[in-house]
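Undergrad: Pasting the sequence and the predicted model now:
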Amino acid sequence: MNLETLMTDIYVIPVPDAYLIYSPLRRVSALVNQKAVSLLKKQIGRNRNSEDVPESLQSLVHELCQPVQEPPPERIGLLQPMFLGILPTRACNLACAYCDFGASMAPQEKMDFRIATAAVDWMAEHVKSLGLDTLEIHFFGGEPFFAEEVVDVVVHRARARAGRLDLTPRFEVSTNGVFDESRARFVGDYFDTVVLSFDGTQDIHDLHRPGKNGQSHFEIVKRTAELLGQSPTELCLRVCVSQANVTQLEQIVQWFCETFRASMINIETLQPTPQSQKANLKPPNPYDFAVQYVSAHRLAERCGIQTIYASAATDMLRRSFCPLGKDALIVSPDGRVSGCYLPQQEWQKRGLDLDLGWLSANGTMQLDFDAITRLRQMIMEKPRCESCFCRWTCAGGCHVKHSYPGCAPEYDDFCIQTRIITACALLAELGFDEAVEKLLTNRAAMQTLVLQASDKLIEGS
């Protein structure tokens, strides 16, 4: 068998006393020694047949010679939205110290009911015309339930439209959980997935997520988590990690596992904002975060609960980390339709235009197909990611804050923690828990891994 196919999509990742060979598009990974890496490079460079490969490498070479699985296809042709995103308001009832949406200072504007119903009607008809069977709607903000009447209108309209068109409605919401028991029960009964922001024990939660007058909402959020855990909804607890709580991450996850009936725990790190800088909140050291995350992940796994660090999900291949480029339609309170939840001014800082069109109150949806095509193409161009073994799993992170056009080519903190956590996940999947421990207890080894300029087995491939 010719080994020419080894030239593409094979990465080599240094870990203590060994190397990970990883081919994401073939779903192949293996732990080998330096001699094996050298032999693979020689065989590929000489373009020899597999018969020339030492017997100890025959099985690995056979797997690596299998056809490459195609990555998620580039979107072309008709608009095929992955979901309809509704921003009932950009305002919020909290003043979170790290908010990157500016929600606490946003105007109190709420989406007009006519725009809300028009969005649902258009999406339902479009989904039906594509021959699909699910009407999926996500709510974001601001805080969606700061405009709860808009949420109610959308949910009931979507259920009615879905019934008429023989579609299955599906609802997801990201919320701070600051509402009363009746609202919590409504959310638990009507929503399929709830992503609840909850940063840990009271001291941390109040530090990260104070009310507008500095008041604590910890007990309310705790009650909401308890009620949602008792409901049919899929509850995802989302934790933001800063320097203030990184060393407590394992304890926070243990408390969540013991106290709430969550389906999963989503862990992410603080992104610096003017608000976080004013509050003297800083992101965690990426090496410390990686170590703490892996420890917390193992603990939750023993409890039967999944933890997620989104950019290190090795069970999926993707071109885009977020809705951008996947034809998602995000409708702002004023009817503007875009491909991103972030406020428009955040894109403009990067010289980006992520608008897709407008939805008027009379139900007219005006979409710019050239803009849709531009966003589809945008996710294809990420120079910093080309030689990284995480390129098909991380997919570059946020296009506005991390992998925007012209971003620095060097790996940043987001890259560093993603690379370490992904390597640990691959080692764990292979059953090499001892190798994970060796890596996480050796800062120099972690630095060697994350600062490697290119992970490709053969440069230029």
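TA: Looks like it arrived, so ask away. Residues are numbered from 1 along each chain as shown.

Undergrad: which ones are touching G325?
TA: 75, 319, 339, 375-376, 378-379, 399 (C-beta atoms under 8 Å, 6 or more residues apart in numbering). In this view, the C-beta of every residue, glycine as well, is placed from N, C-alpha and C.

Undergrad: Counting neighbours, which of the residues you listed comes out on top?
TA: Of the contacts of G325, G339 is surrounded by the most neighbours, 30 neighbours in total, counting by other C-beta atoms under 10 Å.

Undergrad: where along this structure do the strands fall?
TA: Listed in chain order, the strands of the chain (DSSP state E) span 11-15, 18-23, 28-32, 84-86, 134-139, 168-175, 193-197, 234-241, 264-269, 306-308, 329-331, 336-338, 355-359, 365-367.

Undergrad: Which one of those lies nearest to A300?
TA: Nearest to A300 among these is strand 306-308 (4.5 Å), distances taken as C-beta to C-beta.

Undergrad: which outside residues touch the closest one?
TA: By C-beta under 8 Å, 6+ apart, strand 306-308 touches 236, 253, 263-267, 293, 296-297, 300-301.

Undergrad: Stretch 221-228 too?
TA: 176-179, 181, 184-185, 187-188, 194, 196-198, 205, 209, 235, 237, 259-260, 262.

Undergrad: please redo it, this time with the cut-off set to 6 Å
TA: The contact list for stretch 221-228, computed with C-beta atoms under 6 Å, 6 or more residues apart in numbering, reads 177, 184, 188, 194, 196, 198, 235, 260.

Undergrad: cool, stretch 244-255 as well?
TA: Residues contacting stretch 244-255 (C-beta under 6 Å, 6+ apart): 200, 204, 207, 284, 288-289, 292, 295-296, 299-300.

Undergrad: for stretch 268-275, same thing?
TA: Taking C-beta under 6 Å, 6+ apart as the rule, stretch 268-275 contacts 97-100, 240-242, 283-284, 289.

Undergrad: pLDDT check: weakest of these?
TA: Ranked by pLDDT, those bottom out at D100, which scores 77.

Undergrad: what about that residue, how many neighbours?
TA: Counted with other C-beta under 10 Å, D100 comes out at 19.

Undergrad: who are the neighbours in contact with it?
TA: Here D100 is in contact with 271, 273 (C-beta under 6 Å, 6+ apart).

Undergrad: 8 Å instead, please
TA: So D100 contacts 271, 273, 342, 346, 401 (C-beta under 8 Å, 6+ apart).

Undergrad: For those, give me a markdown table that also has pLDDT.
TA: As requested, the contacts of D100 are exported to a markdown table (pLDDT from 0 to 100):
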| residue | pLDDT |
| --- | --- |
| Q271 | 90 |
| T273 | 86 |
| L342 | 91 |
| E346 | 88 |
| K401 | 87 |
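
Undergrad: Out of the residues you listed, who's the most crowded?
TA: Neighbour-wise, those (other C-beta under 10 Å) top out at L342, 20 neighbours.

Undergrad: Just the pLDDT for the nearest residue to that one once chain neighbours are set aside.
TA: Sequence neighbours aside, V400 is the residue nearest to L342 in space, at 5.6 Å (criterion: C-beta to C-beta, 6 or more residues apart in numbering). pLDDT, V400: 88.

Undergrad: so how far is Y341 from V400?
TA: Distance of V400 to Y341, given as C-beta to C-beta, to the nearest Å: 10 Å.

Undergrad: and of the strands of the chain, who's closest to S56?
TA: Among these, strand 28-32 sits nearest to S56 (C-beta to C-beta), with 9.1 Å.

Undergrad: neighbouring contacts of that closest one?
TA: Contacts for strand 28-32 (C-beta under 8 Å, 6+ apart): 15, 18-23, 57, 60, 63-64, 66, 426-427, 429-430, 432, 435.

Undergrad: Kindly recompute the last result at 6 Å.
TA: Counting by C-beta under 6 Å, 6+ apart, 18-22, 60, 63-64, 426, 430, 432 sit against strand 28-32.
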